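Colleague: Build me a model from this:
(chains A and B)
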Number of protein chains: 2
Amino acid sequence: MEAYSVFKDLAIIIIFAKIFGILARKCKAPQVVGEIIAGLLIGPSLLGLVQQTDFLMEMAEVGVVLLMFSAGLETDLKELMKTGPVAFLIACAGVFVPLVGGALLYMGFYGMAPWGSENFYKAVFIGVIMTATSVSITVESLKEMGKLKGKVGTTILSAAIIDDVIGIIVLTFVVGFKNPDSNPGKVVLSTALFFVLALVLGFILYRIFQNIDARYPHTRRIPIISLAMCFFFAYAAEKYFGIADITGAYVAGIVLCSIKDSTYIEEKMEVSSYMIFGPVFFASIGLKTSIDNIDGSILLFSVGFVLVALICKIIGCGLMAKICRFNMKDSLKIGVGMMTRGEVALIVAQKGLSVGLLTPVYFTSVILLIIVSSISTPIILKLLYSRDAAAEATQ
Amino acid sequence: MEAYSVFKDLAIIIIFAKIFGILARKCKAPQVVGEIIAGLLIGPSLLGLVQQTDFLMEMAEVGVVLLMFSAGLETDLKELMKTGPVAFLIACAGVFVPLVGGALLYMGFYGMAPWGSENFYKAVFIGVIMTATSVSITVESLKEMGKLKGKVGTTILSAAIIDDVIGIIVLTFVVGFKNPDSNPGKVVLSTALFFVLALVLGFILYRIFQNIDARYPHTRRIPIISLAMCFFFAYAAEKYFGIADITGAYVAGIVLCSIKDSTYIEEKMEVSSYMIFGPVFFASIGLKTSIDNIDGSILLFSVGFVLVALICKIIGCGLMAKICRFNMKDSLKIGVGMMTRGEVALIVAQKGLSVGLLTPVYFTSVILLIIVSSISTPIILKLLYSRDAAAEATQ
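Modeller: Presented below is the predicted three-dimensional model:
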């Protein structure tokens, strides 16, 4: 392949992703939905304009690491600590219920699988995909209604963040356990070791960055060295601890989220992300989604997948909110607010694909879940809040 | 190779490139010199931390296309038209003399080559590398002395820009002629066709962009669509006209250099460039530079190469400036101001490598030229200007 042919692929991906991203936003859907559809359209299944190449695959990998790094950078540690305990419980329930629900759904379709078997991990993995709430879609919906700062809003936000962390820890375990060479004890140990070392090294690096930042605020070296650190964490996590590279990148983001220039770093990351790596990542999901092999059974599974994913989140989070003394209405809002899925579900699915726990055909289910949840959540939330307002007005 | 191993390479490249870039600037040398040295240091010749991979090679190709697109975007078309005629003559002489000088140097070392032979093109290519003045280093030197806006400054700047265009046209011809399947007539024709089509299509696209820009100023879609256009031009130039992809990207930049948001586009391009693609490009030059095969003969050739490249620029540009009625002192300043070489020389050398007109060992000569010229030009220019100031003071 000639070196210049990458430019054809990149030009097509960027232009289609942007156009469909804009169209998606016009339909009140998140931009990523448009970008994924663009990938599906230009990919081998439909127009065949772009084929998946090693280069695109590696660009997509860089893209997802940048996204997770940004997600880490956006974390508000203080807020997280404050609303922590309640949000933590809600997040745990919101991870546990869909995890079990997803695994049972898979076993319902393809037969029960004994504990520890290949199929057992495949079933659990379907549950893992369902765990992560998408912070960005939730935040955007609440922001639009001016409800982000309230008690319900803060709780949803904190729970969504913790939910991400728990989801990624669960992912780490499942991927670790799946490896036939590793024993459970070793996985637990290396995961624990990673988080302990990340904490220690993270604190040292945090201090160093604070220092550099104080001396050279708003200079190019800050985001550049941060990026190198993100790549280093991503590499070291996977190479030395068997932990997903995206976890490493996310942790690197959290390490830097409290330095003064974290917003500055994030701005610079965002430019690289939205200009080129982001579109390549989301479009490559579409490129990879094989719709040739879709049959009735997969379609049925997808419908079940979406329903289970949505209902389990509402039940898990809502019930726990009720237990934590929220009233009925607010508990329901929290449940609904937590049901949006987004990038992270795709990232997890992507990881499953690369370690052999998922086949490309299930991307359809994940994409359907993202589309349905991100369109329905804002609508339902709006209904719930306006019903409340109406009830208050008549009192 | 595991997907995550790209992160090790990227982390090492980014951190070393930045550190050596900062060190270079501390030594008053251009940052790129530091980045190249970083590549040399971490590459197979020395530390062996990073090996050249397909992914890095393609990232570097994207990097150089982004750099040339930025160079195009920075062009000031009006200024170019105004000082045009004189600057054009100076640029022509500044291209012609080093071109001949470089070719003769090569033939002096390796024997005369008959017109049209493989070795003839190799000799001419050495000349081609010598043609392009680096605008950025010249501009920075003049800016520091507050001499950028004067008659000499404007002429140097315009001549340097035109010089780039001529240099790239010459490169296009030489690369085109070298291809055994092509006949000279066809190369001339397809080159002409490319520039005519680029002019027509460019004008249409310019109008479209003006329109989008007026409707959605400062929105993300502007730089994103521009980037897609840059990639499209790069691809189409090489695929359909046999013209270097970098020429296509440069032309795309010139097409957009007059729209209102051109600075906005450039800002966004610059972030992606300096964060990741730029360091990868410059470091990959270092990675590729083979110092294992350097012997006395190559070293001697390199010294000759640097001397010929510098002296030919001074003679070519200085003489033409004198003919165009500049006084002796100003002519000398113009000659010296034009002698800096930078990215473009590397880009041209890179192109030569990929089409087989250059072997990696000659990168050493090119890098030496960049280092020597970019350190000596500011010093000599300063001397010339201060000598003038002293002469005026004693009058």
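Colleague: going forward, measure contacts between C-alpha atoms and count neighbours the same way
Modeller: Fine.
Colleague: For chain B, what's the nearest residue on the stretch 251-395 of chain A?
Modeller: residue A:272 (4.9 Å; CA to the nearest CA).
Colleague: so what's residue A:131 closest to, chain neighbours aside?
Modeller: residue A:95 (4.8 Å; CA to CA, 6 or more residues apart in numbering or on different chains).
Colleague: where's that neighbour, which helix or strand?
Modeller: helix A:84-110 (DSSP states H and E).
Colleague: Report how many residues lie close to the residue nearest to residue A:109 when sequence neighbours are not counted.
Modeller: What sits nearest to residue A:109 in space, not counting adjacent residues and going by CA to CA, 6+ apart, is residue A:301, at 7.4 Å. Residues contacting residue A:301 under the criterion other CA atoms under 10 Å in any protein chain shown number 18.
Colleague: how close does residue A:301 get to residue B:208?
Modeller: 46 Å (CA to CA, to the nearest Å).
Colleague: do the same with residue A:129
Modeller: Separation of residue A:129 from residue B:208 (CA to CA) stands at 43 Å.
Colleague: which of the two has more neighbours?
Modeller: More neighbours surround residue A:129 than the other of residue A:129 and residue B:208, with 26 against 12 (other CA under 10 Å).
Colleague: need the residues of the stretch 1-150 of chain A near chain B, please.
Modeller: Applying CA under 8 Å from any CA of the partner chain, we find that the stretch 1-150 of chain A lies next to chain B at A:3-8, A:10-12, A:14-15, A:18, A:54-55, A:58, A:61-62.
Colleague: Type out the ChimeraX command that picks the buried ones from these.
Modeller: Selection of buried members from the residues of the stretch 1-150 of chain A next to chain B for ChimeraX, criterion 16 or more other CA atoms under 10 Å in any protein chain shown:
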select /A:4,5,6,7,8,10,11,12,14,15,18,55,58,61,62
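Colleague: So which of the residues of the stretch 1-150 of chain A next to chain B are in helices?
Modeller: A:5-8, A:10-12, A:14-15, A:18, A:54-55, A:58, A:61-62 (DSSP state H).
Colleague: List just the nearest of these to residue B:389.
Modeller: Distance to residue B:389 across those (CA to CA) is lowest for residue A:7, with 50.7 Å.
Colleague: Pretty sure residue B:237 is one of the things the closest one touches, is it not?
Modeller: No - judged on CA atoms under 8 Å, residue A:7 makes no contact with residue B:237 at a distance of 10.9 Å.
Colleague: residues in contact with the residue of the stretch 201-350 of chain A found nearest chain B?
Modeller: The nearest approach of the stretch 201-350 of chain A to chain B comes at residue A:228, 4.3 Å away (CA to the nearest CA). Residue A:228 is in contact with B:10, B:11, B:12, B:14, B:15, counting by CA atoms under 8 Å, 6 or more residues apart in numbering or on different chains.
Colleague: gap between the residue nearest in space to the middle of chain A and residue A:168?
Modeller: With distances taken as CA atoms, centre = their mean, residue A:344 lies nearest the centre of chain A, 1.2 Å away. Computed with CA to CA, the distance linking residue A:344 and residue A:168 is 9 Å.
Colleague: rewinding a little: can you read off the pLDDT for the residue nearest to residue A:131?
Modeller: You'll see residue A:95 listed with a pLDDT of 91.
Colleague: Wait, it touches residue A:163, no?
Modeller: Yes - using CA under 8 Å, residue A:95 makes contact with residue A:163 at a distance of 6.6 Å.
Colleague: Which residues are in contact with each of those two?
Modeller: Common contacts of residue A:95 and residue A:163 (CA under 8 Å, 6+ apart): A:131, A:132.
Colleague: if we can go back for a sec, quick one: contacts for the residue nearest to the centre of chain A?
Modeller: Contacts of residue A:344 (CA under 8 Å, 6+ apart): A:132, A:133, A:134, A:164.
Colleague: need those in TSV with secondary structure, neighbour count and pLDDT, can you?
Modeller: Below are these laid out as TSV (DSSP: H, G, I helix; E, B strand; the rest coil; neighbours: other CA atoms under 10 Å in any protein chain shown; pLDDT from 0 to 100):
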residue	secondary structure	neighbour count	pLDDT
A:132	coil	33	81
A:133	coil	31	81
A:134	coil	25	73
A:164	helix	24	72
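Colleague: Farthest-apart pair in those residues, please.
Modeller: Once CA to CA is applied, those give A:134 and A:164 as the farthest pair, at 8.0 Å.
Colleague: In the stretch 51-200 of chain A, what residue lies closest to chain B?
Modeller: residue A:55 (5.9 Å).
Colleague: hmm, stretch A:164-180 in reach of chain B?
Modeller: No - Stretch A:164-180 stays clear of chain B (CA under 8 Å from any CA), getting no nearer than 15.1 Å.
Colleague: can you give me the offset of that stretch from its chain's centre?
Modeller: 14 Å (CA atoms, centre = their mean, to the nearest Å).
Colleague: same check, this time on stretch A:90-104
Modeller: So, by CA atoms, centre = their mean, the centroid of stretch A:90-104 is 15 Å from its chain's centroid.
Colleague: do the same with stretch A:58-72
Modeller: With CA atoms, centre = their mean, you get 11 Å for stretch A:58-72.
Colleague: low-scoring stretches of the stretch 251-395 of chain A, by residue?
Modeller: Scanning the stretch 251-395 of chain A for pLDDT under 70 picks out A:290-291, A:293, A:395.
Colleague: ok, which stretches of chain A are strands?
Modeller: Listed in chain order, chain A contains no strands at all (DSSP state E).
Colleague: among the ones in helices among the residues of the stretch 1-150 of chain A next to chain B, which two are most distant?
Modeller: A:18 and A:54 (22.6 Å).
Colleague: what's the closest non-adjacent residue to the residue of the stretch 201-350 of chain A closest to chain B?
Modeller: Leaving out its chain neighbours, residue A:228 is closest to residue B:11 (CA to CA, 6+ apart), at 4.3 Å.
Colleague: which stretches of the stretch 101-250 of chain A form helices?
Modeller: With DSSP state H, counting those that start in this stretch, the ranges of helices along the stretch 101-250 of chain A come out as A:118-131, A:135-144, A:151-178, A:184-215, A:221-241, A:245-256.
Colleague: Lowest average confidence across those, which one?
Modeller: Among these, helix A:135-144 scores lowest, at a mean of 65.
Colleague: Contacts only, for the residue nearest to residue A:131.
Modeller: Shown in contact with residue A:95 (CA under 8 Å, 6+ apart): A:130, A:131, A:132, A:163, A:166, A:167, A:313, A:316.
Colleague: now, which of these sits nearest residue B:198?
Modeller: Nearest to residue B:198 among these, with distances taken as CA to CA, is residue A:132, at 48.2 Å.
Colleague: Surely that closest one is in contact with residue A:170?
Modeller: No - using CA under 8 Å as the test, residue A:132 is too far from residue A:170 to be in contact (10.2 Å).
Colleague: for the contacts of residue A:228, which one is nearest residue B:217?
Modeller: Closest to residue B:217, out of all of the contacts of residue A:228 and judged by CA to CA, is residue B:14, at 32.6 Å.
Colleague: thinking that closest one is in contact with residue B:279, fair?
Modeller: Yes - the pair residue B:14 / residue B:279 is scored as a contact, 6.1 Å apart, by CA under 8 Å.
Colleague: which phi and psi does residue A:52 have?
Modeller: phi -70, psi 130 (degrees, to the nearest 10).
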